[in-house]
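**Student:** for reference, the sequence and a predicted model appear below.
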Amino acid sequence: MGKGLCLVGLNHRTAGVETRETFALAGSDFLENTLFLPVGAEKRASSPIREVMALSTCNRVEILAAGKGDELAETLLAIWAAARGGKTEDLRPFVYVRQEDEAVRHLFSVASSLDSMILGEPQILGQLKDAYKNALESGSTGTILNRLLHHAFYAAKRVRSETGVAAAAVSVSYAAVELAKRIFGDMSSYQAMLIGAGEMAELSATHLMNAGIKSILVANRTRARAVELAARYGGRDVPFEELVNYLPEVDIVISSTGASEAIIRAEDMAGVMKKRKNRPMFFIDIAVPRDIDPGVNSLDNIYLYDIDDLKEVVEENLAQRREEAVKAADIVEEETRKFRRWLEALEVQPTIVALLQHSERIIREEWARTSRRLELGLKETQALEQMLEAIVKKINHKPIVFLKKLAEDEGGAQYADMVRRLFGLDEERTAELVHGRHKRHETVSKIIRRKTGYGAHAADRKEFMTMRTELTRDKAWELLRAYNQEEFHLRHALILEGVMRWFAVELGYAEDQDFWALAGLLHDVDFERFPQEHCRKAPEILRPAGAGEALIHAVCSHGYGLTAEVRPEHEMEKVLYAVDELTGLIGAAALMRPSKSVQDMEVKSLKKKYKTINFAAGCSREVIENGAAMLGWELEVLMEKTLLAMRACEEAVPESASL
């Protein structure tokens, strides 16, 4: 692929539980304080790491990075080992390294639970999403990893919906209960204790009840959670600090806490067994680090199994899933090829940018010659600005589409090189550097404004996009909820938030993606409360909250021509104007499909719906088409990009926006 994708890790196949404990990466602060440190402003230029995230579970520890240079893998290993107080040599014997396509394929397999100890277990996808969320909050991901992780989630969704790899409830907790049944047989006369009340404990409780266990005790550091779990399964909670006192009552103990050291020790169990008159006890420790001292296993009539011991039980339940895994592997391979095509298309992006700048340069020079002889009014200037920007985009549209398509082939880089030579793009770049003109070019619209004075009140594109707002995402959501209660409106706002974030990255504004996303989230902030004054009441709501004039302008401009006269002036505003109505159309079309999802929707079918579907009051096809024209895109291009954006963010939007 050529983009420096690298994954280093260890798992249950390459390392025992003690090694996995030693090199576990607990907490999101690892990214902020350790891994991402070399990518700070003072070291960014020299570090091979550009983007990074870490996944740490009881069965695997993996670090995924995008960067440059042959030393990327070694850098990751060195930082990882140092973070755990060790050396690279200590880590190396247990580690696997995946590069480029192999890294993508491995990630998709992990997300789809094809690489788990228990094939098809559902927990890993949630753990991967949590790890990605931590990375996002730490600011350690960018264009490549964001796209890669969303693609991984989509691949996992396909595997679960198109194969039987997740059929039948098989998980670590299920295997633990199966092992208990093998030892005790009929479970109806035995009691169990769950230590911990997380997802593993909840699953264990479900499987124990299905197996006919007599009763369940629950101990957890947070008492309220223990009370809740015990009540749900007809059991009783016990104080975590006194759990050893309750051990004589139970026959089976399943422990799955996040404790950093053992909570049941060998010396505790001598008294327990005396009170039990030496009746057998069965312990299953599925925590990493382990909750139960391994020395417990040396005592008579105590049977202790840790997570590695469950492998034998697991194998007996996987025959059918292995057959389905063959189909799942084909899906993973297909999605790996799709991601490779996207990544290869990304490699032609510098050529595309240079081609657009080349066209703008020509128009800029011709405008400089012509503008001296013109006296333009407001309307003429506005029409000229829109026309010149559209010319640049429309002239280059087909060459850009052609370049992106060719980039999917192995020889795509050669075609990009040919375009650079054909238009002399490298010569222009060299001239800029030689003559000291290495800076961002003025856009055509900025030159028009500078020459005519039109639009002097508004920021030009660069100034606008680098503006920041004091409004946080949490505050924006509170504000939206204060003025909107309808589930439909809230969910549409969340969808548009994700869509705008996707477009920011896609169009080269990754550093401003939070700003774009806020504009999408708040675009209808005043709609429900003030439908007749939609977009006109927004400033009164947003300004006291510290939104800032740039964000207010963006929110108001999306209603241009319908409920507001604030015209979209910048690329972000034009995207918001265009995709607001289109996301609604795509969402409505998805609801008519059996899957209720956009994942399997194609542009061809969307175009048919576009012609026949009834638009809501106040919405029109004209708005969508005007938006495409503002951006200089064909309508089909706008549809394709918006559909891709909705696919990427669909799974992240909850079914109920109020949750």
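**Tutor:** Cool, got the structure. Note that the coordinates shown come from a computational prediction; the quantities given were computed from them, not determined experimentally.
**Student:** over to the closest residue to residue 259 other than its chain neighbours: give its phi and psi.
**Tutor:** Using CB to CB, 6 or more residues apart in numbering and skipping residues adjacent in sequence, the residue nearest residue 259 is residue 291, 5.9 Å away. Any C-beta I mention is one placed from the backbone N, CA and C, and that applies to glycine too. Dihedral angles of residue 291 (phi, psi; degrees, to the nearest 10) stand at phi -80, psi -20.
**Student:** how many residues are close by residue 291?
**Tutor:** Neighbours of residue 291 under the rule other CB atoms under 10 Å: 23.
**Student:** show the contacting residues for it.
**Tutor:** 195, 196, 255, 256, 257, 259, 262, 263, 264, 285 (CB atoms under 8 Å, 6 or more residues apart in numbering).
**Student:** let's see the pLDDT reported for it.
**Tutor:** Residue 291 carries a pLDDT score of 87 in this model.
**Student:** not counting its neighbours along the chain, what's nearest residue 501?
**Tutor:** Among residues not flanking residue 501 along the chain, residue 517 sits closest, at 4.2 Å (CB to CB, 6+ apart).
**Student:** what of residue 213?
**Tutor:** Counting by CB to CB, 6+ apart, the residue nearest residue 213 is residue 187, at 4.9 Å.
**Student:** who's in contact with the one you found?
**Tutor:** 180, 181, 208, 211, 212, 213, 214.
**Student:** pLDDT of the helix or strand the first one falls within, averaged?
**Tutor:** Secondary structure here is read from DSSP states H and E; on that basis residue 180 sits in helix 172-184. Model confidence over helix 172-184 averages 78 on the pLDDT scale.
**Student:** how about stretch 95-106?
**Tutor:** Rounded mean pLDDT across stretch 95-106 is 89.
**Student:** who's in contact with that stretch?
**Tutor:** 1-3, 5-11, 14, 64, 73, 77, 115, 148, 332-333, 336, 339-340.
**Student:** residue contacts, the residue nearest to residue 523 when sequence neighbours are not counted?
**Tutor:** Leaving aside its sequence neighbours, residue 523 sits nearest to residue 558 (CB to CB, 6+ apart; 5.1 Å). Contacts for residue 558 (CB under 8 Å, 6+ apart) come out as 519, 523, 535, 564, 568, 573, 576, 577, 580.
**Student:** any idea of the pLDDT on residue 558?
**Tutor:** 72.
**Student:** picking that back up, how near is the residue nearest to residue 501 to residue 559?
**Tutor:** Separation of residue 517 from residue 559 (CB to CB, to the nearest Å) stands at 19 Å.
**Student:** likewise for residue 359?
**Tutor:** Going from residue 359 to residue 559 by CB to CB gives 31 Å.
**Student:** repeat for residue 90
**Tutor:** The gap separating residue 90 from residue 559 is 61 Å, by CB to CB.
**Student:** of the two, who's got more company?
**Tutor:** When neighbours are counted by other CB under 10 Å, residue 90 and residue 559 differ, and residue 559 comes out ahead with 24 against 14.
**Student:** my guess is residue 280 contacts residue 301. True?
**Tutor:** Yes. Between residue 280 and residue 301 there is a contact under CB atoms under 8 Å: 4.6 Å.
**Student:** in this structure, which helix is the longest?
**Tutor:** helix 378-407 (DSSP state H).
**Student:** now that helix, how far from the centre of its chain.
**Tutor:** Chain-centre distance of helix 378-407: 32 Å, with CA atoms, centre = their mean, to the nearest Å.
**Student:** again, but for stretch 68-86
**Tutor:** How far stretch 68-86 lies from its chain's middle: 24 Å, per CA atoms, centre = their mean.
**Student:** what of stretch 188-198?
**Tutor:** Centroid separation for stretch 188-198 versus its chain: 35 Å, with CA atoms, centre = their mean.
**Student:** re earlier: tell me the mean pLDDT over the helix or strand where the residue nearest to residue 501 lies?
**Tutor:** Element membership for residue 517, per DSSP H and E: helix 513-522. Mean per-residue pLDDT for helix 513-522: 86.
**Student:** pull out the buried positions in that helix.
**Tutor:** For helix 513-522, the neighbour count (16 or more other CB atoms under 10 Å) marks 513, 515, 516, 517, 518, 519, 520, 521, 522 as buried.
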